[in-house]
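# Got a predicted structure plus its sequence, pasted below:
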Amino acid sequence: MKHSVKVIIPAFNEQNGVGNVVREIPGDLVDQVIVINNASTDETEKIAAEAGATVLKERTRGYGRACLKGIDYLKAQKEQPDIVVFIDADYSDYPEEMRNLIKPIVEEDYDMVIGSRALGNKQKGAMTPQQIFGNWLATSLLRLLYGVKFTDLGPFRAIKFDQLIALDMQDKTYGWTVEMQLKAAKKRLKCIEVPVNYRKRIGFSKISGTVKGTIMAGYKIIWTIFKYL
């Protein structure tokens, strides 16, 4: 039995990477690719559409806000997917590895699968020292406070759509990934990590590439972890 799989890609000024991501998503596996143009000022929307994606507009910036726009779109469809995959538009993840994320859901009935960069191979310089430390700190707090073992807050992830809706996701900015993981822990979802490879992103990171972005993201992630205790 073939499962219905949709992909959500939040994208802010990712004209150099988004086309590659969309084109390399396995077409035999995925029914639809949805790119959310998150207030881009470049050609992100045009390039995503030319690559074959459905493009939505979210005019207010925010990673979580863009993801929520994609979820609302799927909820409004007559036929909803079995599985949703999230992947970034910067081409740092390998879209063809999507098969590895979906496999535990289809074959072993897992609810959520996190693509872990910590368990996979990272290209030198693909993650900044502050990203690596931030992931370690956040996952350590999740283990200490929620009793769940993750090694990464990686954005490349797959989840059953009905379980995603049940999580009632709220965060509109940097706390999106950690909110999903801690809520999954609280609801005792069946979760697993799989190794994913990671390369230097195309273009400049709007979060880890600046001191302000790094501080704001770190603060929001920690704040979110304690918010749901």
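All right, it came through fine.
# From Val106, how far out is the residue nearest to Leu229 when sequence neighbours are not counted?
Residue nearest to Leu229 in three dimensions, not counting chain neighbours: Leu145, with 6.1 Å by Cβ to Cβ, 6 or more residues apart in numbering. Bear in mind the C-beta positions are built from the backbone N, C-alpha and C, glycine included. Applying Cβ to Cβ, to the nearest Å, the value for Leu145 to Val106 is 31 Å.
# What segments of the protein are strands?
Taking DSSP state E to define them, one finds strands in the chain at 5-11, 32-37, 54-57, 83-86, 112-116, 157-160, 191-195.
# Need those in JSON lines (columns: mean neighbour count).
Below are the strands of the chain laid out as JSON lines (neighbours: other Cβ atoms under 10 Å):
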{"stretch": "strand 5-11", "mean neighbour count": "26"}
{"stretch": "strand 32-37", "mean neighbour count": "25"}
{"stretch": "strand 54-57", "mean neighbour count": "17"}
{"stretch": "strand 83-86", "mean neighbour count": "24"}
{"stretch": "strand 112-116", "mean neighbour count": "25"}
{"stretch": "strand 157-160", "mean neighbour count": "24"}
{"stretch": "strand 191-195", "mean neighbour count": "19"}
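# related to what we said a few turns ago, can you pull the contacts of the residue nearest to Leu229?
225-226, 229 (Cβ atoms under 8 Å, 6 or more residues apart in numbering).
# Of all residues in the protein, which one is nearest the centre?
For the chain, the residue nearest the mean C-alpha position is Pro155 (3.0 Å; Cα atoms, centre = their mean).
# if I pick it, what's in contact with it?
Pro155 touches 86-88, 93, 177, counting by Cβ under 8 Å, 6+ apart.
# Out of these, who's the most crowded?
Ile87 (28 neighbours; other Cβ atoms under 10 Å).
# Surely that one touches Ala158?
No - counting by Cβ atoms under 8 Å, Ala158 is not a contact partner of Ile87; they are 9.4 Å apart.
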